[in-house]
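Q: Show me the folded form of this:
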Amino acid sequence: MPSHPTRFAWRTCSTQGVPIAKNRIPTRSSVVTKWGGRLTSDMTHHGDGGEGGVLVPGVTAPSSVTCVRSLGRRGISTVVGSEAAQTPARSSRYCDEFVGLPDPADDLTAYAEALVTIAQRKDVRTIIPVREEDIYALARVKTTIAEEIATPWPDFDTLRRVQDRTELFAAAEAAGVAAPETALVDEWDDWDREVIIKPRYTVAAPAYLGQTAAQYEIGTTSYHDPGTPADPIALRDAHGHVPLVQEYVAGPHEYGFFALYDHGEPVATFQHRQRRTYKYAGGPSAYRESVAIPALDAAGRALLDHLDWHGLAMVELLRDPDTGEFKLMEVNPRFWSSLPFTVQAGVDFPAYYWQLATDAPPETLPDYTTGIAGHLLRGEACHIHSVLTEEHAFVERPSLGRTIGAVGTSLIRHPRVDYLARDDPMPFVRDLLNVVRPSQQCDVPQSDGTATYDSIQGPPPTDTSEQADTPTDAPERVNP
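A: As a prediction, this is how the structure comes out:
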C-alpha cells in the first residue's frame, strides 16, 4: 500500500514499559502550595523514574486518558492533576499519581500558581496542555518555569494571536488562508445575512477580560436569525467582551489539521473529517474519519508557519460547498478531544510531545492510515438523545430509526472507541459512571474547540444514512 510518512525529528525512548505490579497499594502525601491550598496526592509508581515524568491535567475529554496511556506504556511516570476526583484519567492503570488542583474556571491565577509549584518537583519534566485554560496558564508562566521543566508550547504573545480570534483571522489573511467574513458585533451592519455569533476569545481570562474575568461565561457559538441586529451592549454585559459576528458557511463537514511544531517547523501532522457530532445540530465530534487532503495540509501549515508556531495545534476548517476552498474556523493550541482516534490511526502525538520536550534522538515513525473511523460512545449516545428530544429551527431533525441504524452500522464497521482499551478498562468504566450521573449527562466537553463552528450547523445530510457510515475511501496508507 502507499504510505503517508509522518514528519518527525526524534527517536522514541525505550518502548518497553515497566511491568505494573498487581495489587498495588497507593501511598498518600500532600504538598502545601504558596497560595495556601493543599495538593492531595495519591501515588502508585510503575514508571522507572529515570527520565522523570509528566503532569497531565485530567478533564472530561478523553485526551487526558490517551496521554496517560501513551506515556505510561513507555515507562514514563505520569501525574494526573485535576479539580475533579472522578476524572477518568485517574482510573487508568498507567496513572502513577493523582494531584488535586484548583479549578481554573473558578480561579485561573491559583491554577497557574499550582502548575508552577508542580513544575518545581524534580520528578516532573514537562506539562501537557489539554484545554484552553491549561495552555493559557502555561504560556503566562512560561518564563517562570522554563528553568525547571521543558516548555514545548508558545509564549503568551504568540498564544494570544490564536486565543483572540480577531488576531487569528488577521493572521490567516496575512498567511493567505481563507476565512469567513468576520467582524466585531458592534462593527457589523448587514444583519439580513445568515450569520453566527461567536466569542472573540476562547477562554475567560484576566489578560482578555480584565481582573473580573471569573465573573463571566465566555459564551458559545450561536446562529443569529436574519433581519434582527444583535445587541452588542447586552452581549458585552453578559460575556465581558464584545463577541464576533461571522458569515454562515453551510459546509457539510468540519475538518481538522493536527500538528506538533518545533519553533516554526512541523514535527508531526494528521488530518481528520468530522462525520457525526454530539448533537444532530452540531458540536464536538462523536464519529470521525482519517483523511489526507493536500489542500487541507497546505492551509494548516501556511497558518502555523506564519505564526512561527511552537507546540501543539489543531486547526479547524470548513470546506466551502460553492468553491471547495478550506476556510478557517479556529485554532486550538493544545491536545484535542479526538486524540484517541489520532493515536489509533498511527500518530502517537503524546509520545512525540514527550520526545520534543526531552530532546530524544531521531527515529523513523510509522505512517498513519486514512479511510478509517473512530467513535466516542458518549458522544454517539448524546447524538441519538438529541434526535429523540431536541428541536432546532435551522436544522431538520433526522429520522430516529435511521440515526440509530447509522450509529450501529458504523460501530460494526469501525469498532474503534476512544476510552476503551483491553489492557486498561477502568477509564471507560469511570467515564460511563460519570455519564450516568444526572449532572453530567450529555455535557459537551471543551474539546475540538471551545465553541466550534459546527455547534451551530447540522451534520451532512448523508450522515444518518447507512451509506455514510462507510468512509469515502477504503482504508489505506497514503502519501499525500
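Q: Burial check on Gly75, number of neighbours?
A: 20 (other C-beta atoms under 10 Å). Where you see a C-beta, it was placed from the backbone N, CA and C, and this is true even at glycine.
Q: Over to Gly256?
A: Gly256: 25 surrounding residues under other C-beta under 10 Å.
Q: how near is it to Leu339?
A: With the distance defined as C-beta to C-beta, to the nearest Å, Gly256 ends up 11 Å from Leu339.
Q: So the residue sitting nearest the centre point of the chain, which state does it fall into?
A: In the chain, the centroid-proximal residue (C-alpha atoms, centre = their mean) is Trp336; its distance is 1.8 Å. Put simply, Trp336 is coil when judged by DSSP: H, G, I helix; E, B strand; the rest coil.
Q: now Ile197
A: strand.
Q: and if you look at Gly324?
A: What three-state DSSP gives for Gly324 is coil.
Q: Verify the stated contact: Val130 with Val65.
A: No. Counting by C-beta atoms under 8 Å, Val130 sits too far from Val65 to count as a contact (10.1 Å).
Q: Of those two, which one has the most company?
A: Using other C-beta under 10 Å as the criterion, Val130 and Val65 rank with Val65 on top: 32 against 27.
Q: what's the residue of the chain most remote from its centre in contact with, if anything?
A: Distance to the chain centre peaks in the chain at Gly227, reaching 34.7 Å (criterion: C-alpha atoms, centre = their mean). Contact analysis of Gly227 by C-beta atoms under 8 Å, 6 or more residues apart in numbering lists Trp191, Asp192.
Q: again, only this time at 6 Å
A: Counting by C-beta atoms under 6 Å, 6 or more residues apart in numbering, Gly227 touches Asp192.
Q: quick check, it in a strand?
A: No. Using three-state DSSP, the assignment for Gly227 is coil, not a strand.
Q: And the nearest residue in space to the residue nearest to the centre of the chain that is not next to it in sequence, its phi and psi?
A: Among residues not flanking Trp336 along the chain, Met314 sits closest, at 4.5 Å (C-beta to C-beta, 6 or more residues apart in numbering). Dihedral pair for Met314: phi -120, psi 120, per degrees, to the nearest 10.
Q: What about Met314, how many residues nearby?
A: A count of nearby residues for Met314, using other C-beta under 10 Å, gives 25.
Q: beta partners for it?
A: Taking DSSP bridges, one obtains Phe258, Asn332 as the residues bridged to Met314.
Q: how close does it get to His385?
A: Distance, Met314 to His385, by C-beta to C-beta: 26 Å.
Q: quick one: the residue nearest to Trp336 and Phe258 touch, right?
A: Yes. Counting by C-beta atoms under 6 Å, Phe258 is a contact partner of Met314 at 5.2 Å.
Q: that older thread, now do the same for the residue nearest to the centre of the chain: its pLDDT.
A: For Trp336, the model assigns a pLDDT of 95.
Q: same thing with His383?
A: At His383, pLDDT is 89.
Q: swap in Leu400?
A: Taking Leu400 on its own, its pLDDT is 93.
Q: now it, nearest residue through space, not along the chain?
A: Using C-beta to C-beta, 6+ apart and skipping the chain neighbours, the partner closest in space to Leu400 is Val387 (5.3 Å).
Q: One more: Arg90?
A: Phe98 (4.7 Å).
Q: and that neighbour, bridged to which residues?
A: Bridge pairing for Phe98 (DSSP bridges) gives the partners Asp42, Val80.
Q: Can we start the residue count at 153 from this point?
A: Renumbered: residue one is now 153, and that last one reads Phe250.
Q: From what I see, it and Val232 are in contact.
A: Yes. Phe250 is within contact range of Val232, at 5.1 Å (criterion: C-beta under 6 Å).
Q: what residues are shared contacts of the two?
A: Common neighbours of Phe250 and Val232, counting by C-beta under 6 Å, 6+ apart, are Arg242.
Q: Surely Pro281 is within a helix?
A: No. Applying three-state DSSP, one finds Pro281 to be coil, outside a helix.
Q: measure the closest residue in space to Ser234 that isn't next to it in sequence to Thr318 for me?
A: Nearest residue to Ser234, sequence neighbours excluded (C-beta to C-beta, 6+ apart): Gly210, at 3.3 Å. According to C-beta to C-beta, Gly210 stands 32 Å off from Thr318.
Q: One more: Tyr400?
A: Note on Tyr400: its distance to Thr318, by C-beta to C-beta, is 19 Å.
Q: Quickly find the element holding Leu320.
A: Element membership for Leu320, per DSSP states H and E: helix 317-327.
Q: CA atoms only for that helix - export them in PDB, please.
A: Provided in PDB are the C-alpha atoms of helix 317-327 (Å, rounded to 0.1, in the frame of the first residue of the first chain):
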ATOM      1  CA  ARG A 317      -9.900  35.400  17.200                       C
ATOM      2  CA  THR A 318      -9.700  39.000  15.800                       C
ATOM      3  CA  GLU A 319      -5.900  38.500  15.800                       C
ATOM      4  CA  LEU A 320      -6.300  34.900  14.500                       C
ATOM      5  CA  PHE A 321      -8.300  36.000  11.400                       C
ATOM      6  CA  ALA A 322      -5.900  38.800  10.700                       C
ATOM      7  CA  ALA A 323      -3.000  36.300  10.800                       C
ATOM      8  CA  ALA A 324      -4.900  34.000   8.500                       C
ATOM      9  CA  GLU A 325      -5.400  36.800   6.000                       C
ATOM     10  CA  ALA A 326      -1.600  37.600   6.100                       C
ATOM     11  CA  ALA A 327      -0.800  33.900   5.700                       C
END
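Q: which outside residues touch that helix?
A: If you take C-beta under 6 Å, 6+ apart as the criterion, helix 317-327 is touched by Arg313, Val314, Ala331, Thr334, Arg352, Leu396, Ala454, Leu455, His458, Leu480.
Q: show me the contacts for the last one.
A: The contact partners of Leu480, by C-beta under 6 Å, 6+ apart, come to Ala324, Val329, Ala331, Leu469.
Q: now with 7 Å?
A: Going by C-beta atoms under 7 Å, 6 or more residues apart in numbering, Leu480 touches Ala324, Val329, Ala330, Ala331, Leu455, Leu469.
Q: isn't the fifth one right up against Val329?
A: Yes. In this structure, Leu455 is within contact of Val329 by C-beta atoms under 7 Å, at 4.9 Å.
Q: all helices for the stretch 153-302 of the chain, in order.
A: Ranges of helices in the stretch 153-302 of the chain, per DSSP state H, counting those that start in this stretch, are 215-224, 260-271, 284-292, 294-297.
Q: Report the secondary structure element holding Lys479.
A: Per DSSP H and E: Lys479 is located in strand 478-484.
Q: Can you name every helix or strand that the helix or strand just after that strand contacts?
A: Per DSSP H and E, the first helix or strand lying C-terminal to strand 478-484 is helix 491-496. On a contact count with 3 or more C-beta pairs under 7 Å, 6 or more residues apart in numbering; DSSP states H and E, helix 491-496 meets helix 215-224, helix 501-510.
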